[in-house]
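*Asks:* Quick one, what's the 3D model for this:
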Amino acid sequence: MRHTLYFLLILGITISVLTGCRTLREKFIRKKKIEKEEQVYVDFKDYPSRPTEEAYTDYYLFTRGWLDELNESLRSSISHKRNKRAINEAIMNVE
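*Replies:* The predicted structure follows:
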């Protein structure tokens, strides 16, 4: 009687472990790998509006002023740093 009870108990545990919630086929067969799709990144840019005529006039005046200062400093041979700064500022205002 005891041997039969132990046998049934072991048999019941074995069957419940092997079957579980899924079928045997689902338990022991590998699942197919799902390929991940590449993420698409869209970079939206806010482009600045076109400069107005007033902005063009201002930049022209700034550039003209720096070029005049460069011209004066070259004639009087004042300072190399001053010449360099005038050139850089004029270029920056032209861009």
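*Asks:* what sits up against stretch 77-84?
*Replies:* Stretch 77-84 is contacted by residues Glu69, Leu70, Glu72, Ser73, Leu74 when judged by C-beta atoms under 8 Å, 6 or more residues apart in numbering. Placement of C-beta: from N, CA and C, glycine included.
*Asks:* ok, 6 Å please
*Replies:* Identification of contacts with stretch 77-84 by C-beta atoms under 6 Å, 6 or more residues apart in numbering yields Ser73.
*Asks:* The chain should start at 772 in everything you say after this.
*Replies:* Taking 772 as the first residue, the last one we looked at is stretch 848-855.
*Asks:* so for it, what's the average pLDDT?
*Replies:* The predicted model assigns stretch 848-855 a mean pLDDT of 81.
*Asks:* Using CSV, write out every CA atom in that stretch.
*Replies:* Output in CSV follows, covering the C-alpha atoms of stretch 848-855 (Å, rounded to 0.1, in the frame of the first residue of the first chain):
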residue,chain,number,x,y,z
SER,A,848,50.8,101.3,-37.6
ILE,A,849,49.2,101.2,-34.2
SER,A,850,48.9,97.6,-32.9
HIS,A,851,48.9,94.2,-34.5
LYS,A,852,46.2,93.0,-32.0
ARG,A,853,44.0,95.8,-33.1
ASN,A,854,44.4,94.9,-36.7
LYS,A,855,43.7,91.3,-36.1
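*Asks:* got the buried residues for it?
*Replies:* Residues of stretch 848-855 include none that count as buried (16 or more other C-beta atoms under 10 Å).
*Asks:* The worst-scoring helix or strand of the chain on mean pLDDT: what's the following helix or strand?
*Replies:* For the chain, scoring each helix and strand by mean pLDDT, DSSP states H and E identifies helix 795-799 as the least confident one, at a mean of 68. With elements assigned by DSSP states H and E, the helix or strand that comes after helix 795-799 is helix 824-847.
*Asks:* Many thanks, have a good one.
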